[in-house]
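S.K.: Here is a sequence with its predicted model. Questions after.
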Amino acid sequence: MNFTLAIASRRLLCCLLAGIAVLLIGAGSAAAEPPPGPGHSGLHHQQVCGPVLVGEAHCDSAIVTNAGGKPLVTSAPAGYGPEELRSAYGLAGASASAGGGQTIAIVDAYDDPNAASDLAVYRSHYGLPPCTGSGTDPCFKKVNQSGGTSMPRSDSGWAQEISLDLDMASAICPNCKILLVEATSNSFANLGAAEDYAAAHANVVSNSFGGNEFSAETGLGYDGHFTHPGVAITASSGDNGYGVEFPAASQHVTAVGGTSLTRDATTTRGWKESAWSKAGSGCSAYVAKPEWQADTGCGHRTVADVSADADPNTGVAVYDTLRTRGWLVFGGTSVAAPIVAGVYALAGNSSTVNGSYPYSHASALNDVTAGANGSCGGSYLCTAAPGYDGPTGLGTPSGTGAF
């Protein structure tokens, strides 16, 4: 009897071990499978950066994950690449010929030690010109918030944001130089210092971060860092649906909202867009209404001004190796802000003093008229409509004419 029980126990143990092995192999296989292609709904995703305190910023990016919540890594790109983005926004010709002599500055918090090497992989894969840090006048340069070479500590979440920003700037303006300015931390004080350095050394500055509005945001200690006449500054509108973030609320930036971008063979454009349900928008609590905004449902600054793809379900391909090694798919208005920054660089519009220019050139934008990002009584502040609306602003790029 004891011998029989021993044999049975061994068989049971073998079965259990085999079952565990199958589960582990299956989990690994699931994580390695590519997600559905762009334009498919129902993907799992989560925000890259967590909640922050008043006076601090979080990044505005969302990463596609598997059902277990782990970043879905693929061996080849699964999201939109440069060709699709340029097609959607009428930029193929400008991206090929314009941007020389322009510098796009990317401002983020903390260090991404793999920024240069990851960027090189992205650009090489898509056949973009190399953008390295070598030579006396390098295409790519990374500095700290004061322009030095002593970098802050690394942070894997913000590093993913950095990879996203660098890749999107490259996708839209491959002939531009790129300056990455890394703030010591995600406080607005440090990010503001990085902003000042970036604006002094670039034609365009992209900011893919934000935090809840606070009463001191209008002071020179905060909003003053985003006031740089002659430099186009973009800021993501947020990924939490209806509601306003700073610095997107600043009068001195182009606030960039988000859309869901899908192919549509029935249109001349070949694409269609609707307001992304998580894009930030609304009426600022503290910032006065700029003279170049004419909407009547908000007595203060209204967000957003323009928009671009931001839905993780129609996300973009990004290469990153600090947290997970391989190709990832990202969404969030962190995608839209550097896309629009790239369009500003292609336009070469040095007269830009704030977000006003698109308002006098709205006919050169794709008007987005469907979708919503929350509940606000059916108002244009949270519902896409013909003309201006909160989630998508005046619309999305259609060439460079509005920038």
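M.R.: Alright, I've got the coordinates.
S.K.: can you tell me the average pLDDT over stretch 249-263?
M.R.: When pLDDT is averaged over stretch 249-263, the result is 97.
S.K.: cool, stretch 129-137 as well?
M.R.: 90.
S.K.: and if you look at stretch 285-292?
M.R.: 96.
S.K.: can you check stretch 361-378 too?
M.R.: Rounded mean pLDDT across stretch 361-378 is 96.
S.K.: Buried residues, it. List them.
M.R.: Using 16 or more other CB atoms under 10 Å as the test for burial, stretch 361-378 gives 362, 364, 365, 366, 367, 368, 369, 371, 372, 373, 374, 376. All C-beta atoms are positioned from the backbone trio N, CA, C, and that covers glycine.
S.K.: How about stretch 49-67?
M.R.: Using 16+ other CB under 10 Å as the test for burial, stretch 49-67 gives 49, 52, 55-66.
S.K.: which of the residues you listed lies closest to residue 229?
M.R.: Closest approach to residue 229 among the buried residues of stretch 49-67 (CB to CB): residue 57, at 23.2 Å.
S.K.: Grab the nearest non-local neighbour of the closest one.
M.R.: Closest residue in space to residue 57, ignoring its immediate chain neighbours: residue 209 at 4.1 Å, by CB to CB, 6 or more residues apart in numbering.
S.K.: which residues sit in contact with the one you found?
M.R.: Neighbour list for residue 209: 49, 57-60, 107-109, 161, 186, 191, 236, 334 [criterion: CB atoms under 8 Å, 6 or more residues apart in numbering].
S.K.: rewinding a little: least confident pick among the buried residues of stretch 49-67?
M.R.: Minimum pLDDT across those falls on residue 66, with 89.
S.K.: just checking, that one touches residue 73?
M.R.: No: between residue 66 and residue 73 there is no contact under CB atoms under 8 Å: 9.2 Å.
S.K.: in the stretch 51-200 of the chain, which spans are strands?
M.R.: Along the stretch 51-200 of the chain, counting by DSSP state E, counting those that start in this stretch, strands occupy 58-59, 62-65, 103-109, 140-144, 177-183.
S.K.: What's the local residue count around the closest residue to residue 251 other than its chain neighbours?
M.R.: Among residues not flanking residue 251 along the chain, residue 290 sits closest, at 4.5 Å (CB to CB, 6+ apart). Look at residue 290: counted by other CB atoms under 10 Å, it has 17 neighbours.
S.K.: give the contact list for residue 290.
M.R.: 251, 301, 354, 355, 356.
S.K.: swap in residue 204?
M.R.: Shown in contact with residue 204 (CB under 8 Å, 6+ apart): 102, 103, 104, 105, 231, 232, 233, 234, 341, 342, 344, 345.
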